[in-house]
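J.: how would this look folded up:
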Amino acid sequence: MSPVQLPLAIQERCYVKGNLFTLFLSDPVMAFCSICDITDVTADVWSKCQKVMAKVANDSANLLCKSRGIDHVYMQFYGDEYLRLLILRYIFCYATLRYHRGFKDESFYPQSHPDLRGNDIMENALLHKHVLELASILDVRPVFLEVGETD
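T.: Alright, predicted model coming up:
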């Protein structure tokens, strides 16, 4: 599931040691900050970011449940709270890396088996807007592609 490689610029400035994908699964806001080279966040900003993450999880869950093209295996895992959280954070990780300007190669994105890419969830405009909202709160919006923009 983990990306095969990371962009060189991210490797050089990433202050968190270890696997970026694991960081997204355990603490998505910290992972987001890590790829944006943010090392200091106030408690107020952190709280706002957590609220956006709650919206991301809720909207990802709704998209997942309403999707007609998703493999039934995901719905079997969805019943377990812990596995559901991992799936939702995987979706956020993919969306964040997909829209980050530094992650231009497919090998930089996490993969899943069965594959979720190409599904109506993974490149959903609502998730893209949430990524941009988080980027705006952290004042790093230029690092991400705008809605409708392609790289």
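J.: From residue 21, how far off is residue 115?
T.: Distance, residue 115 to residue 21, by CB to CB, to the nearest Å: 16 Å. Placement of C-beta: from N, CA and C, glycine included.
J.: Between the two, point out the one with more neighbours.
T.: residue 21 (20 against 10; other CB atoms under 10 Å).
J.: for the chain, what helix or strand is lowest in average pLDDT?
T.: In the chain, no helix or strand scores lower on mean pLDDT, DSSP states H and E than helix 8-13, which sits at a mean of 56.
J.: quick one: low-confidence parts of this structure?
T.: 1-18, 118, 150-151 (pLDDT under 70).
J.: thinking again about what came up before, after the least confident helix or strand of the chain comes which helix or strand?
T.: Per DSSP states H and E, the first helix or strand lying C-terminal to helix 8-13 is helix 20-26.
J.: Work out the gap between that next one and the centre of the chain.
T.: A distance of 10 Å separates the centroid of the chain from that of helix 20-26, by CA atoms, centre = their mean, to the nearest Å.
J.: by contact count, what packs against it?
T.: Packing partners of helix 20-26 (3 or more CB pairs under 8 Å, 6 or more residues apart in numbering; DSSP states H and E): helix 28-35, helix 81-99.
J.: Export the ones you listed as TSV, with columns for mean neighbour count and distance to residue 72.
T.: As requested, the helices and strands packed on helix 20-26 are exported to TSV (neighbours: other CB atoms under 10 Å; distance: least, CB to CB, whole Å):
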stretch	mean neighbour count	distance to residue 72
helix 28-35	22	26
helix 81-99	19	13
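J.: wait, which of the ones you listed is closest to residue 47?
T.: helix 28-35 (10.3 Å; CB to CB).
J.: between the closest one and helix 81-99, how many degrees?
T.: 30 degrees (axes from the mean of the first three to the mean of the last three CA atoms, to 10 degrees).
J.: List of residues touching helix 28-35?
T.: 10, 14-16, 20, 23-24, 39, 41, 46, 49-50, 53, 56, 89, 92-93, 96-97, 100, 102-103, 134, 138 (CB atoms under 8 Å, 6 or more residues apart in numbering).
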